[in-house]
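Chemist: structure of the sequence below:
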Amino acid sequence: MRITVFGTGYVGLVAAACLADVGHQVMCVDVVESKIEGLKNGVMPIYEPGLEVLLNRSIAQERLTFTVDTAAGVKHGMLLFIAVGTPSDEDGSADVSYVLDVARGIGEQMDSYKVVAIKSTVPVGTAGKVREKIGEALRGRGVADLSFDVCSNPEFLKEGSAVWDFTKAARIVVGTDSERVRELMRECYAPYIRKQDKLIFMDVRSAELTKYAANAMLATKISFINEIANLAERLGADVEQVRRGIGSDPRIGYEFIYPGCGYGGSCFPKDLRALLGTAEQIAYEPALLRAVDEVNRRQRRVLFEKLRQALGEDLRGKTIAVWGLAFKPNTSDMREAPSRTLLEALWEAGARVQAYDPAAMKEAEHLYGERADLRLVGSRDDAVAAADALVICTEWQEFRAVDLEWLGSQLCQQVVVDGRNLFDPQEMKRAGFRYYAVGRGDSLLQG
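Modeler: Numbers count the residues shown, from 1 in each chain. Here you go, the predicted structure:
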């Protein structure tokens, strides 16, 4: 099948690489020429485990190509995926201008039947706007009778495991009322549904809402367990034991009930605010969703407050080691990462930072440039050398197994603020540390 993907971010690149890997002829279109030239030469614009292997294999076997030419992209595929970004607007709503720009470009170049599948995360009703934009362009060319379909095909990928999520998807949602679209989407995803039919067809608006509802539900679970963690600290309970107690209930489960310093990334914060914006447009007050967002905003301050609890209100001149900058492991993405809230609060308080992340160092340098109060180092060991305290923001695997005697010898004060609950509080106490985790009662009581 000949497929074109507009956009080479996380969603577009993963979709293109995975579809090409199972035998489809895929062309990627992007407006950034330097990015396209890099991809042609195997240069990855993002860090995502397993993606580079798929890309290079499909490029070598000539199943995956890249271009900045919209006309070539439209001509290439019968199935055209829109996978461009939908950043937050000033009011928090999703900006769909890039999606509509692609739609206009498709309408200006289309000369035969096409299926336009929207993979970008878009507000309910966007598919209708895409149809209108394509129709306007066709009428402007005098070919208004040219046939096309627009469907919604939202993605459910997690950064850090996006390739796995695409190839082993729990479900593939398609919003359409067209039997022809159903047939073509079945053909597209056939390699992934041979053993189990994971395709769920529904109307377009329901498909658009499904994406936002899924992320809102997952964000709600995270904010819920963080609220319980905050209660546990104040009651002298251990949220890790509580988590095991409630997670064993199959109606609840263990997924996404790990307490920490808040969620971040490109999806949950943006999508929840976009859903709030949609609710406002129809004059509905979504109290639960608003609380989920507020709890998360508050939770991002937890690490800084724990640090002040440990070291005192005045942090001027203190050197703080930070392990982990990405919003989660196995990605370089720092969008809305809890680490950024911490770093900026520390600098405002007059502290210095020594930071390390296995994948996000270039991104941190891009975001913050050269600062006298920020030292980006090459290893976790370098980060803790002569620091007053250590703060853990991201649960990378290499941070889990640490020689505590060595760690204690590196820190000027044996203070560890653990935003991901990697260590056992009793073991840390026996090793002489003042250990502040999230939702583990001992952490608060020792302060």
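
Chemist: tell me which residues touch Thr210, please.
Modeler: Pro154, Val173, Met202 (C-beta atoms under 8 Å, 6 or more residues apart in numbering). C-beta: built from backbone N, CA, C; applies to glycine.

Chemist: most neighbours, which of these?
Modeler: Pro154 (24 neighbours; other C-beta atoms under 10 Å).

Chemist: now for the nearest residue to that residue once chain neighbours are set aside, how many residues are close by?
Modeler: Leaving aside its sequence neighbours, Pro154 sits nearest to Lys211 (C-beta to C-beta, 6 or more residues apart in numbering; 3.6 Å). Around Lys211 there are 25 other residues, counting by other C-beta under 10 Å.

Chemist: what's the answer for Tyr254, then?
Modeler: Neighbours of Tyr254 (other C-beta under 10 Å): 12.

Chemist: how about Gly23?
Modeler: Gly23: 13 neighbours (other C-beta under 10 Å).

Chemist: in a strand, Pro45, correct?
Modeler: No - using DSSP: H, G, I helix; E, B strand; the rest coil, the secondary structure at Pro45 is coil, not a strand.

Chemist: OK, contacts around it?
Modeler: Contacts of Pro45 (C-beta under 8 Å, 6+ apart): Thr8, Leu13, Lys35, Gly38, Leu39.

Chemist: quick revisit: narrow the contacts of Thr210 to those in strands?
Modeler: Using DSSP state E, the members of the contacts of Thr210 that fall within strands are Val173, Met202.

Chemist: out of the contacts of Thr210, which one sits closest to Gly378?
Modeler: Nearest to Gly378, judged by C-beta to C-beta, of the contacts of Thr210 is Pro154 at 39.0 Å.

Chemist: one step back: in TSV: the contacts of Pro45, plus neighbour count and pLDDT.
Modeler: Formatted as TSV, the contacts of Pro45 follow (neighbours: other C-beta atoms under 10 Å; pLDDT from 0 to 100):
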residue	neighbour count	pLDDT
Thr8	24	96
Leu13	27	97
Lys35	18	95
Gly38	15	94
Leu39	22	94
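
Chemist: okay, now Gly236: neighbour count?
Modeler: So Gly236, with other C-beta under 10 Å, has 11 neighbours.

Chemist: let's see the pLDDT reported for it.
Modeler: Note on Gly236: pLDDT of 92.

Chemist: how about Ser443?
Modeler: For Ser443, the predicted pLDDT is 58.

Chemist: one step back: the helix or strand where the residue nearest to Pro154 lies: how far from the chain's middle?
Modeler: According to DSSP states H and E, Lys211 maps onto helix 204-235. Put simply, helix 204-235 sits 15 Å off its chain's centre (C-alpha atoms, centre = their mean, to the nearest Å).

Chemist: may I see the buried residues of the next helix or strand after it?
Modeler: Downstream of helix 204-235, the next assigned helix or strand under DSSP H and E is helix 239-247. For helix 239-247, a neighbour-count test (16 or more other C-beta atoms under 10 Å) marks Val239, Glu240, Val242, Arg243 as buried.

Chemist: just the pLDDT at the spatially closest residue to the last one that is not a sequence neighbour, thanks.
Modeler: For Arg243, the nearest residue in space outside its immediate sequence neighbours is Ile257; the separation is 5.5 Å by C-beta to C-beta, 6+ apart. pLDDT, Ile257: 94.

Chemist: list the residues that contact Ile257.
Modeler: Counted by C-beta under 8 Å, 6+ apart, Ile257 has contacts Lys221, Ile222, Phe224, Ile225, Arg243, Ile246, Gly247.

Chemist: can you verify it is assigned to a helix?
Modeler: No - counting by three-state DSSP, Ile257 is not part of a helix but coil.

Chemist: tell me how far it lies from Glu240.
Modeler: 11 Å (C-beta to C-beta, to the nearest Å).

Chemist: show me the domain layout of this structure.
Modeler: The record's domain parsing of the chain by automatic domain parsing lists 2-202, 223-445.

Chemist: want to try TSV for those domains, with distance to Met217 as columns?
Modeler: Output for those, formatted as TSV (distance: least, C-beta to C-beta, whole Å):
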stretch	distance to Met217
domain 2-202	12
domain 223-445	9
